[in-house]
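1. Need coordinates for the below:
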Amino acid sequence: MERYKVILICTDCTKTFSIEKDMLFGLMESIHKNGKEVIRTERNTYEVTGVLFGEVSGQIIFT
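-> Here you go, the predicted structure:
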């Protein structure tokens, strides 16, 4: 299955994830409809509000 390296923009952090195509599209659809999506991993729970594709250099400042 095809995987994508993305940066998830969460309410309290940003995290780099490798995510399967179907999961990614489901995540994006949920964020579009609800404004956020909760992702649970073995260690944490993240409230995701956005997704970045590609490489990011330097700092990202949100206002």
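2. what's the closest non-adjacent residue to V51?
-> V6 (5.3 Å; C-beta to C-beta, 6 or more residues apart in numbering). From N, CA and C alone the C-beta is placed, and that goes for glycine too.
3. ignore the last one, C13
-> Y46 (7.5 Å).
4. Doesn't the one you found belong to a strand?
-> Yes - secondary structure assignment places Y46 in a strand (DSSP: H, G, I helix; E, B strand; the rest coil).
5. which residues sit in contact with it?
-> Neighbouring residues of Y46 by C-beta atoms under 8 Å, 6 or more residues apart in numbering: 8, 10, 13, 15, 38-40.
6. related to what we said a few turns ago, surely the residue nearest to V51 touches V48?
-> No - with contacts counted by C-beta atoms under 8 Å, V6 stays clear of V48, the gap being 10.1 Å.
7. coming back round to it: who does the residue nearest to V51 form a beta bridge with?
-> F17, F53 (DSSP bridges).
8. List the contacts of it.
-> Taking C-beta under 8 Å, 6+ apart as the test, what V6 contacts is 16-19, 24, 51-53.
9. In PyMOL, how would I select just the buried ones from those?
-> In PyMOL syntax, the buried subset of the contacts of V6 is picked out as below (16 or more other C-beta atoms under 10 Å):
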select buried, resi 17+19+24+51
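10. Which one of the contacts of V6 is nearest to I31?
-> V51 (7.1 Å; C-beta to C-beta).
11. Quickly find the element holding the closest one.
-> Taking DSSP states H and E as the definition, one finds V51 inside strand 45-53.
12. now that strand, how far from the centre of its chain.
-> Put simply, strand 45-53 sits 3 Å off its chain's centre (C-alpha atoms, centre = their mean, to the nearest Å).
13. Contacts for stretch 33-45 next, please.
-> With C-beta under 8 Å, 6+ apart as the criterion, stretch 33-45 contacts 8, 11, 27, 30-31, 46-49.
14. For M1, state which of these is nearest.
-> L27 (15.0 Å).
15. From I7, how far off is the closest one?
-> Separation of L27 from I7 (C-beta to C-beta, to the nearest Å): 12 Å.
16. and what of D22?
-> Distance from D22 to I7, counting by C-beta to C-beta: 19 Å.
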